[in-house]
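K.L.:
just need the structure, nothing else, for what follows:
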Amino acid sequence: MKIGVSIIICCFNSEFLIEKTLQHILNLRLNNFKIEAILIDNNSSDNTSELAQKMWNSLGSNFDFKIIKEPNLGLNYARKTGVLHSNYEYLIFCDDDNRLDSDYAINVYNEFESNTDVGIIGGWSEGQYEVEPPYWFKQIETSFAIGGYIEKESEEVNFVWGAGLSIRRSLAIKVFNQPFKTLDRKGNSLLSGGDLEICDKVKNEGYKIRRLKKLKFFHFMPKSRLNWEYCTRLYEGFGYSAIQYQKEIDLDLEFN
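P.N.:
Have a look, this model is predicted:
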């Protein structure tokens, strides 16, 4: 496998979000390694692909960009497609609302190069908001993959968010060739669980997971998410996915 960085951007009806996300990717500082960006259009019904390609062509870049259509709706399908179409060993999963810091790719590359026992790395984020968030939002922002700042340079953890998650491609191939016990985001549904299961599978392969202080991104929150109804649906998704995951684990233990 060629050493370099592949950025995988999974999209579903992302025309409202994708421009800023791609602008930040285009502004990434590069070093002496190869890099590419892969946009996975997960059965969008809007103009995500057309807008993204037009923007990329107009701004220009010194690294490759391609768009892949994945007709099977669901984040697990989209991520797997991105992994299979990637060319480089170090992968970054960049959600359509993630705006990566300019040193993100360099820091991912250096961490993986320096620590062969690390399989996944994650970072922390600051929120960017379309409107002022409600008074209660700060108390639950980590549920939206916002926050997570650490004082020390790095720490070993059991889990990191899928937003901005970086993984070795050789491990990702193993992970996505195994069946998933949980359902993950699918269209407008708020089911969850894929991030936790990816981390568990990597730990089972004997690799460490680390969170880095220097891995930062901005996480954009549109107005449609900053309300109690969305929050309730999000937590229902967390709960359903957690119960489903534990049930499948218990079944495995029972039959093995």
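K.L.:
within the sheet, what are the partner strands of the biggest strand by length in the chain, with directions?
P.N.:
In the chain, taking DSSP state E as the definition, the longest strand is strand 208-221. Strand pairing for strand 208-221, determined by DSSP bridges: strand 98-100 (antiparallel), strand 118-129 (parallel), strand 154-157 (antiparallel).
K.L.:
redo the ones you listed as CSV? Include mean neighbour count and distance to Gly147.
P.N.:
For glycine as for every other residue, the C-beta is placed from the backbone atoms N, C-alpha and C. Below are the strands paired with strand 208-221 laid out as CSV (neighbours: other CB atoms under 10 Å; distance: least, CB to CB, whole Å):
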stretch, mean neighbour count, distance to Gly147
strand 98-100, 24, 14
strand 118-129, 22, 7
strand 154-157, 13, 14
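K.L.:
can you show me the strands along the stretch 1-150 of the chain?
P.N.:
Assigned by DSSP state E, counting those that start in this stretch, the strands in the stretch 1-150 of the chain fall at 2-11, 34-41, 64-69, 88-95, 98-100, 118-129.
K.L.:
what's the closest of these to Gly237?
P.N.:
If you check each of the strands of the stretch 1-150 of the chain against Gly237 by CB to CB, strand 88-95 wins as the nearest, at 15.6 Å.
K.L.:
show me the shaky parts of the stretch 51-200 of the chain.
P.N.:
182-193 (pLDDT under 70).
K.L.:
go with 80
P.N.:
60, 180-193 (pLDDT under 80).
K.L.:
for it, what spans make up the helices?
P.N.:
75-84, 104-114, 169-176, 194-204 (DSSP state H, counting those that start in this stretch).
K.L.:
what's the closest of the ones you listed to Thr21?
P.N.:
helix 104-114 (12.2 Å).
K.L.:
any chance of the strands paired with strand 208-221 in a markdown table, with distance to Lys2 too?
P.N.:
Formatted as a markdown table, the strands paired with strand 208-221 follow (distance: least, CB to CB, whole Å):
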| stretch | distance to Lys2 |
| --- | --- |
| strand 98-100 | 21 |
| strand 118-129 | 18 |
| strand 154-157 | 26 |
